[in-house]
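Asker: quick one: sequence and predicted model below, then my questions.
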Amino acid sequence: TGPAERDGVPWRFAAIRLDPPRDALRAAIGARWDGMVAAGAVEEVRALLAQGLNPDLPAMRAHGVPEISAALRGEIDMAEAGRRACLAIGQYTKRQATWFRHQPLADVSTTHTIHARVTGLKQFSESEWARIISFIDRHR
């Protein structure tokens, strides 16, 4: 019997953890920021500010909103808003990674970590697919 069965739990749990290199993650954050701005994030924040919402509301603290708000108030320019937002988002992702590293979500033997930035299924090499499939098969 496995650990789940011994503990009276009727299921088993295995995890695939994504842990990309920090430089790849920073680049992705920057690209995502540029995409958000191009897709109308400034106008969206302008509309939020026009509603006079409480700055403590989650929507007003969402990634990029405080920085774009500061730019719209003339406190900083958009380049500085982007720099600050990307820094804050990077710090957030680092806290997430630290939290996941310290959580016993699954036994080490039932956890597979991918140390790459995954942008699509085509990115995986055949050997990486083979490792993932083998991992899944072992823990069915």
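Answerer: Alright, I've got the coordinates.
Asker: contacting residues for K94?
Answerer: By Cβ atoms under 8 Å, 6 or more residues apart in numbering, K94 lies in contact with R22. No exception for glycine: its C-beta is placed from N, CA and C like everyone else's.
Asker: mind checking which helix or strand of the chain has the lowest mean pLDDT?
Answerer: helix 3-6 (a mean of 49; mean pLDDT, DSSP states H and E).
Asker: name the nearest residue to L53, sequence neighbours excluded.
Answerer: Using Cβ to Cβ, 6 or more residues apart in numbering and skipping residues adjacent in sequence, the residue nearest L53 is M60, 5.6 Å away.
Asker: next, the contact list for the residue nearest to the spatial centre of the chain, please.
Answerer: Nearest residue to the geometric centre of the chain (Cα atoms, centre = their mean): T93, 5.7 Å. The contact partners of T93, taken as Cβ under 8 Å, 6+ apart, are 25, 29.
Asker: can you tell me how far it is from L18?
Answerer: 11 Å (Cβ to Cβ, to the nearest Å).
Asker: same check on I132?
Answerer: 12 Å.
Asker: intersection of neighbour lists for those two?
Answerer: Residues touching both I132 and L18 by Cβ under 8 Å, 6+ apart: I114.
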